[in-house]
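Trainee: turn this into a structure:
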Amino acid sequence: MSTINIMIAVDVETAQSTASGTTITQGLYMIDTTGYEGTAEAGNELNTPCDAGDVPVWTIYPINPSDNIAITGFTGQCVNDGIFQNLEQQKTPAGVDYWTCVINEGTGSAKYQYSLNISMSGKTYSYDPFFTVTAN
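Mentor: Modelled structure (predicted):
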């Protein structure tokens with residue numbers, strides 16, 4: 001079991017002004033600690049490789065520190081099919097909000113989609129990255 005940290009950086013102004021409805025299409029950047037840098041301007045969604053039993057940890061930051069941004073929840077295949085277990089929001093001792101879960105030990109080897117629900121300046125948007133799970 002490994003922890004996989006996933007950082008999301010968002011240019012809030014660009015993300016909001018170029019969104020297709022409530023779907024972010026530009027201005028969102030993701031990187032994870034598996035060594036894969038997958039999201040350039042939200043064009044190629046991050047596809048995080050992991051093993052069943054791994055623990056992903058998501059944090060989100062605005063590129064402009066005066067912008068307000070937060071992950072408000074998750075939807076999609078990983079939630080609907082029970083791949084994310086014990087999904088919850090937590091706070092570090094320094095006050096940084098983050099989300100974490102455990103990749104279900106019974107998950108089969110496949111690519112699974114999830115949606116991040118992101119609040120920016122009081123409006124909710126979504127973005128749809130992936131996990132590629134290797135079964136134990």
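Trainee: nearest residue to G53 in space, please, no chain neighbours.
Mentor: Leaving aside its sequence neighbours, G53 sits nearest to M1 (C-beta to C-beta, 6 or more residues apart in numbering; 4.5 Å). All C-beta atoms are positioned from the backbone trio N, CA, C, and that covers glycine.
Trainee: I'd guessed that neighbour sits against C50; true?
Mentor: No. Using C-beta atoms under 8 Å, M1 is not in contact with C50; the gap is 10.0 Å.
Trainee: contacts for stretch 4-14?
Mentor: 24, 26-34, 46, 48, 50, 54-64, 67-69, 71, 116, 118, 120-121 (C-beta atoms under 8 Å, 6 or more residues apart in numbering).
Trainee: pLDDT averaged over that stretch - what is it?
Mentor: Stretch 4-14 shows a mean pLDDT of 96 in the predicted model.
Trainee: same question, stretch 52-62
Mentor: 97.
Trainee: on that earlier part again, more neighbours: M1 and C50, which one.
Mentor: More crowded of M1 and C50, by other C-beta atoms under 10 Å: C50, with 19 against 11.
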